[in-house]
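S.K.: A structural model of the following input is requested.
(one chain, ligands or ions: 2)
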Amino acid sequence: MSHAGPERHDRLAVVVLAAGKGVRMRSAMPKVMHRLAGLPIILHVMRSVGALEPERTIVVLGAGMEAVAEAVRPAHVVVQEPPLGTGHAVLTARDALRGADGTILVVFGDTPLIAPETLARMVAAREDGAAVVALGFRPADPGQYGRLVLAPDGSLDRIVEFKDTSAAERAIGLCNGGAMAVEAACLFGLLDGLCAENAQKEYYLTDIVAAARRAGLKIGVIEAGADEVLGINSRSDLAAAEAEMQRRLREAAMAEGATLIDPATVYFSHDTKLGRDVIVGPNVFFGPGVTVGDRVTIKGFCYMESASIAEGAEVGPFARLRPGARLGPKVHVGNFVEIKNATLDEGAKANHLSYIGDAHVGARANIGAGTITCNYDGFEKYPTEIGAGAFIGSDVTLVAPVKVGEGAYVGAGSVVTEDVPADALALGRGQQILREGWARSFRARKQAAKSARAKTEGGGK
Ligand code: UD1
Ligand code: MG
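M.R.: Residues are numbered from 1 along each chain as shown. Ligands and ions are numbered 1, 2, ... in the order given. Reported below is the predicted structural model:
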């Protein structure tokens, strides 16, 4: 990596633009609140920006975007209403930027894959003497991005928005990534000169490049990989960004020592934590908040969120861990088992077809197939306590609140409504009735009646 790795910047202020309505998303929710790897788009941007440790960060939002303001706290929020373009958005932050005297870095809230190292390179180029530093990239399909128009000497002459391009300009492959690093002392002078005489009748931030050039200021361009600068404007862009994010998360998981049997089918969240020698089978989904210890095996088709799995545990195939599932070391959770807000201590097993909710299962306890904790009466949730070494037979219904003591046995098919003391046997099921030979005589009776009927019906012809 270059010399310009992220470091603390005392003279750096950041403005994140996110006031746009995002109409192309066709959503009731602000564009930047859509999630990538489980985290709102804008928080990916905040994370990249945060790595530079700027002296302040200002987020420009539209009216009615309280949810976004809440999500970006403690960043300072200013409201741009109505949104009249990216240049106008930066102007809205004028008061909030008072006293900033080094570099002002403008980034877009809709460009979540940007790496802190790239932003740091822009800031470094600015500090090396450029008044304005733009971010260029060369996507396979330049589509609707703004184009960087170079002067004959190779320096940046101006940026032209797609809707304002000529056919010749549309052929340019170098596109505008959006972010810009500007010398604080020049920024507002350049912005004040903007006009909105363009196809979208907006004040474009991009126009400050031509203005800086007219003023004889030095302009720089930093180039980034196309996978970093993907701007999200539509659901299709969102899916493309998710694919890139997942590719990165899978690579990172493998680099850290996890085996992914079929990486393309494993979905991670931004905060998934995997230990060493974890093996993840195909078609596994990690929602937010999952922590996995060393030597855990997660077999195919598991779905997990807000759960922790301690070392040496085995999960799946087809297990579902819901929020608050805490599996201790060497726990086994097998197929079609759902666990919610429940702790299973070391070596406990629930291998088949169970629902365990609001429960504590002691060490080495065994939960038989089909066992259900009945934790909800339509109004409230109740706890189930299963002691260490208890054996719960198959198809047991534990009606909470209820406790099964250490080492107790609960017979298969029992409905347990009362606490079971330690080392006791509980049976709560109908008594079995046995009638020797009954089936044989039943069949004989039925068969005789059927034959008699067939004879009368045949004779009646
Ligand atoms: C913008 C750039 C374009 C670049 C592309 C990269 C401008 C004029 N155009 O186009 O050159 O190729 O990004 O992704 O800068 N916003 C506001 N207030 C406004 C308008 C926009 O805060 O009045 C915010 C949006 O919420 C968004 C960002 O600025 O986060 C960019 O706006 P958007 O409308 O997405 O611009 P693009 O058309 O993508
Ligand atoms: Mg955009």
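
S.K.: burial of the residue of the stretch 1-150 of the chain found nearest ligand 2, as a residue count?
M.R.: Per CB to the ion, the residue of the stretch 1-150 of the chain with the smallest distance to ligand 2 is residue 110, at 4.6 Å. In short, each C-beta sits where N, CA and C put it, glycine included. Residue 110 has 25 neighbouring residues, counting by other CB atoms under 10 Å.

S.K.: can you check residue 195 too?
M.R.: Count around residue 195 with other CB under 10 Å applied: 9.

S.K.: residue contacts, whichever residue of the stretch 301-450 of the chain sits closest to ligand 2?
M.R.: Using CB to the ion, residue 305 is the residue of the stretch 301-450 of the chain that sits closest to ligand 2, at 29.9 Å. Contacts for residue 305 were tallied using CB atoms under 8 Å, 6 or more residues apart in numbering; they are 286, 287, 288, 289, 290, 321, 322, 323.

S.K.: again, but for residue 40
M.R.: Neighbours of residue 40 in contact, by CB under 8 Å, 6+ apart: 32, 33, 34, 68, 71.

S.K.: Make CSV out of those and add secondary structure.
M.R.: Shown next, in CSV, are the contacts of residue 40 (DSSP: H, G, I helix; E, B strand; the rest coil):
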residue, secondary structure
32, helix
33, helix
34, coil
68, helix
71, helix
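
S.K.: show me where the stretch 51-200 of the chain has strands.
M.R.: Along the stretch 51-200 of the chain, counting by DSSP state E, counting those that start in this stretch, strands occupy 54-61, 76-79, 103-108, 132-137, 147-150, 156-160, 175-183.

S.K.: Now those in JSON lines, please, with extra columns for mean neighbour count and distance to residue 276.
M.R.: Shown next, in JSON lines, are the strands of the stretch 51-200 of the chain (neighbours: other CB atoms under 10 Å; distance: least, CB to CB, whole Å):
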{"stretch": "strand 54-61", "mean neighbour count": "23", "distance to residue 276": "35"}
{"stretch": "strand 76-79", "mean neighbour count": "17", "distance to residue 276": "41"}
{"stretch": "strand 103-108", "mean neighbour count": "26", "distance to residue 276": "35"}
{"stretch": "strand 132-137", "mean neighbour count": "25", "distance to residue 276": "36"}
{"stretch": "strand 147-150", "mean neighbour count": "21", "distance to residue 276": "45"}
{"stretch": "strand 156-160", "mean neighbour count": "22", "distance to residue 276": "47"}
{"stretch": "strand 175-183", "mean neighbour count": "26", "distance to residue 276": "36"}
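
S.K.: Now render the ones you listed as JSON lines, adding mean pLDDT.
M.R.: Shown next, in JSON lines, are the strands of the stretch 51-200 of the chain (pLDDT from 0 to 100):
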{"stretch": "strand 54-61", "mean pLDDT": "97"}
{"stretch": "strand 76-79", "mean pLDDT": "98"}
{"stretch": "strand 103-108", "mean pLDDT": "98"}
{"stretch": "strand 132-137", "mean pLDDT": "98"}
{"stretch": "strand 147-150", "mean pLDDT": "98"}
{"stretch": "strand 156-160", "mean pLDDT": "97"}
{"stretch": "strand 175-183", "mean pLDDT": "98"}
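
S.K.: Export those strands to CSV and append columns for distance to ligand 2.
M.R.: Below are the strands of the stretch 51-200 of the chain laid out as CSV (distance: least, CB to the ion, whole Å):
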stretch, distance to ligand 2
strand 54-61, 14
strand 76-79, 19
strand 103-108, 6
strand 132-137, 13
strand 147-150, 15
strand 156-160, 14
strand 175-183, 7
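
S.K.: Pairing partners for residue 61 in the sheet, please.
M.R.: Counting by DSSP bridges, residue 61 forms beta bridges with residue 18, residue 79.

S.K.: The nearest residue to residue 235 once chain neighbours are set aside: what's it in contact with?
M.R.: Distances taken as CB to CB, 6 or more residues apart in numbering place residue 25 nearest to residue 235, at 6.3 Å, with adjacent residues excluded. By CB under 8 Å, 6+ apart, the contact set of residue 25 is 31, 34, 233, 234, 235, 238.

S.K.: tell me the SS of the closest residue in space to residue 281 that isn't next to it in sequence?
M.R.: In this structure, residue 281 finds its nearest non-sequential neighbour in residue 300, 3.8 Å apart by CB to CB, 6+ apart. Under three-state DSSP, the three-state class of residue 300 is coil.

S.K.: ok, residue 162 - how many residues close by?
M.R.: By the criterion of other CB under 10 Å, residue 162 has 17 neighbours.

S.K.: got a winner among the contacts of residue 40 for most neighbours?
M.R.: Highest neighbour count within the contacts of residue 40: residue 32, with 31 neighbours (other CB under 10 Å).

S.K.: who touches it in this structure?
M.R.: Residue 32 neighbours (CB under 8 Å, 6+ apart): 18, 22, 40, 41, 42, 45, 68, 109, 110.

S.K.: How is the fifth one assigned, secondary-structure-wise?
M.R.: So the one you mean is residue 42. From three-state DSSP, the assignment for residue 42 is helix.

S.K.: How about the contacts made by it?
M.R.: Taking CB under 8 Å, 6+ apart, we find residue 42 in contact with 16, 18, 32, 33, 59, 68, 71, 72, 109, 112.

S.K.: Filtering the contacts of residue 25 by proximity to ligand 1, which remain?
M.R.: Residues of the contacts of residue 25 in contact with ligand 1 (CB under 6 Å from any ligand atom): residue 233.

S.K.: Show me how to select, in PyMOL, the buried members of the contacts of residue 25.
M.R.: In PyMOL syntax, the buried subset of those is picked out as below (16 or more other CB atoms under 10 Å):
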select buried, resi 31+34+233+238
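
S.K.: Just the contacts of residue 25: which are in helices?
M.R.: Residues of the contacts of residue 25 located in helices (DSSP state H): 235, 238.

S.K.: Output the contacts of residue 25 as CSV; include the columns pLDDT and distance to residue 11.
M.R.: Below are the contacts of residue 25 laid out as CSV (pLDDT from 0 to 100; distance: CB to CB, whole Å):
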residue, pLDDT, distance to residue 11
31, 95, 31
34, 97, 33
233, 94, 33
234, 96, 37
235, 97, 39
238, 98, 35
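
S.K.: my guess is residue 401 contacts residue 377, does it?
M.R.: No: between residue 401 and residue 377 there is no contact under CB atoms under 8 Å: 10.4 Å.

S.K.: No further questions, thank you.
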